[in-house]
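Trainee: got a structure for you, letters missing:
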């Protein structure tokens, strides 16, 4: 398992990260615990979760259940907490299942951390992430109508400064070790970095945004910022919510799959997406590659990649994804992937 730096923290993380958003809905607890065991045995050393998980479906009644499942694994495996890096997230404005949709504030930060610590049955969180910016985000297909003209720069910076001060107090208390972002922009990340360098709180260690062969918005401004400022990408949905597996091609919807629960896959289901998937599968077939493993191995080639977060509802899917670490893509394959991207840009 290849290891990469987690920003400037001094920590090294595995090229694959175990995602847990289905723990408690699609993935029952016993299977979830077995997946944690298998992932750690395979060399994965980072597990990502969030207070709002599980999803598929997302429900106010299940908020926190995934953290509780991980917590029971921690309780049953005392002494192993130091074997892995634990990342979780603070939900923000608009999610009614947590604090009735309140934004992230200096007041919510300590109470949310305490809740996560209690559910996770741990004394500390290695990487504490803000799930999305208070000011909103262009992620999750909102980029098509994104309009930042109403931005109040002074208010945003004041909000960031207050949140960083609260995070600094948590670092001092030892409840969190490092700070990360999710669903952020290049401008937003730059401001967090600037305020940290001015002494207002912990420096951003990583940014968790969507990234895959089908979703490459990170490739321009954020890529440059990531490399120049040592803020690596924790890529979520590297298999495009299952589209890149090919299981949905030909109008198929396997029973129990994500599409059977969330029919539009969060706006990813489009005719152009299926055309792009077909193009990538043709590349894999020509070169004798498994398309899932090709998609994950490709993530490893990106200069800004810290780790690709993948989820598995069942153990066989986990083992399948783990096989990607043995795959090295040739220059010819990479060139064909680039050509396919040019032919099928932004398919959703």
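Mentor: Alright, I've got the coordinates. Note that the structure is predicted; figures quoted are calculated from it, not measured. Numbering: from 1, shown residues only.
Trainee: Spatially nearest residue to the spatially most central residue of the chain, not counting backbone neighbours?
Mentor: With distances taken as C-alpha atoms, centre = their mean, the chain has residue 236 as the residue nearest its mean C-alpha position (3.5 Å). Counting by C-beta to C-beta, 6 or more residues apart in numbering, residue 309 is the residue found nearest to residue 236 once chain neighbours are left out, at 4.8 Å. C-beta here means a position set from N, CA and C on the backbone, and glycine is covered the same way.
Trainee: can you tell me which residues contact the residue nearest to the centre of the chain?
Mentor: By C-beta atoms under 8 Å, 6 or more residues apart in numbering, the residues touching residue 236 are 19, 48, 182, 208-211, 309.
Trainee: okay, these in JSON lines with secondary structure, distance to residue 129 and pLDDT next?
Mentor: Converted to JSON lines, the contacts of residue 236 look like this (DSSP: H, G, I helix; E, B strand; the rest coil; distance: C-beta to C-beta, whole Å; pLDDT from 0 to 100):
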{"residue": "19", "secondary structure": "strand", "distance to residue 129": "13", "pLDDT": "98"}
{"residue": "48", "secondary structure": "strand", "distance to residue 129": "8", "pLDDT": "99"}
{"residue": "182", "secondary structure": "strand", "distance to residue 129": "5", "pLDDT": "98"}
{"residue": "208", "secondary structure": "strand", "distance to residue 129": "6", "pLDDT": "98"}
{"residue": "209", "secondary structure": "strand", "distance to residue 129": "11", "pLDDT": "98"}
{"residue": "210", "secondary structure": "strand", "distance to residue 129": "14", "pLDDT": "98"}
{"residue": "211", "secondary structure": "coil", "distance to residue 129": "15", "pLDDT": "98"}
{"residue": "309", "secondary structure": "strand", "distance to residue 129": "11", "pLDDT": "98"}
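Trainee: Which one of those residues is nearest to residue 272?
Mentor: Nearest to residue 272, judged by C-beta to C-beta, of these is residue 210 at 16.7 Å.
Trainee: if I look at the closest one, how far off is residue 193?
Mentor: As judged by C-beta to C-beta, to the nearest Å, residue 210 and residue 193 stand 21 Å apart.
Trainee: between those two, who's got more neighbours?
Mentor: residue 210 (24 against 17; other C-beta atoms under 10 Å).
Trainee: Give me the phi and psi for the closest residue to residue 125 other than its chain neighbours.
Mentor: Nearest residue to residue 125, sequence neighbours excluded (C-beta to C-beta, 6+ apart): residue 176, at 4.8 Å. Main-chain dihedrals, residue 176, degrees, to the nearest 10: phi -130, psi 160.
Trainee: What are the neighbouring residues in contact with residue 176?
Mentor: 113, 124-128, 167, 170.
Trainee: okay if I get the residues you listed as JSON lines plus pLDDT and neighbour count?
Mentor: Converted to JSON lines, those look like this (pLDDT from 0 to 100; neighbours: other C-beta atoms under 10 Å):
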{"residue": "113", "pLDDT": "98", "neighbour count": "22"}
{"residue": "124", "pLDDT": "98", "neighbour count": "17"}
{"residue": "125", "pLDDT": "98", "neighbour count": "22"}
{"residue": "126", "pLDDT": "98", "neighbour count": "23"}
{"residue": "127", "pLDDT": "99", "neighbour count": "25"}
{"residue": "128", "pLDDT": "98", "neighbour count": "26"}
{"residue": "167", "pLDDT": "99", "neighbour count": "25"}
{"residue": "170", "pLDDT": "98", "neighbour count": "21"}
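Trainee: From those, pick the one nearest residue 250.
Mentor: Looking across these and measuring by C-beta to C-beta, the closest to residue 250 is residue 127, at 39.3 Å.
Trainee: beta partners of the closest one?
Mentor: residue 87, residue 178 (DSSP bridges).
Trainee: can you list contacts of the helix ranked longest in the chain?
Mentor: Ranked by residue count and defined by DSSP state H, the top helix of the chain is helix 153-173. Counting contacts by C-beta under 8 Å, 6+ apart, the residues outside helix 153-173 that touch it are 104-107, 109-110, 113, 128, 130, 134-135, 176-177, 179, 191-192, 195-196, 200-202.
Trainee: Kindly recompute the last result at 6 Å.
Mentor: 106, 109, 113, 134-135, 176, 179, 191, 195, 200-202 (C-beta atoms under 6 Å, 6 or more residues apart in numbering).
Trainee: can you count the residues close to residue 253?
Mentor: Other residues close to residue 253 by other C-beta under 10 Å number 13.
Trainee: Can you tell me the closest non-neighbouring residue to the residue in the chain sticking out farthest from the centre?
Mentor: The outermost residue of the chain relative to its centre, with distances by C-alpha atoms, centre = their mean, is residue 286 at 30.3 Å. Of all residues not flanking residue 286 in the chain, residue 336 sits nearest, at 7.7 Å (C-beta to C-beta, 6+ apart).
Trainee: do the same with residue 215
Mentor: residue 240 (6.5 Å).
Trainee: now the one you found: how far from residue 212?
Mentor: Look at residue 240 and residue 212: by C-beta to C-beta, they are 5 Å apart.
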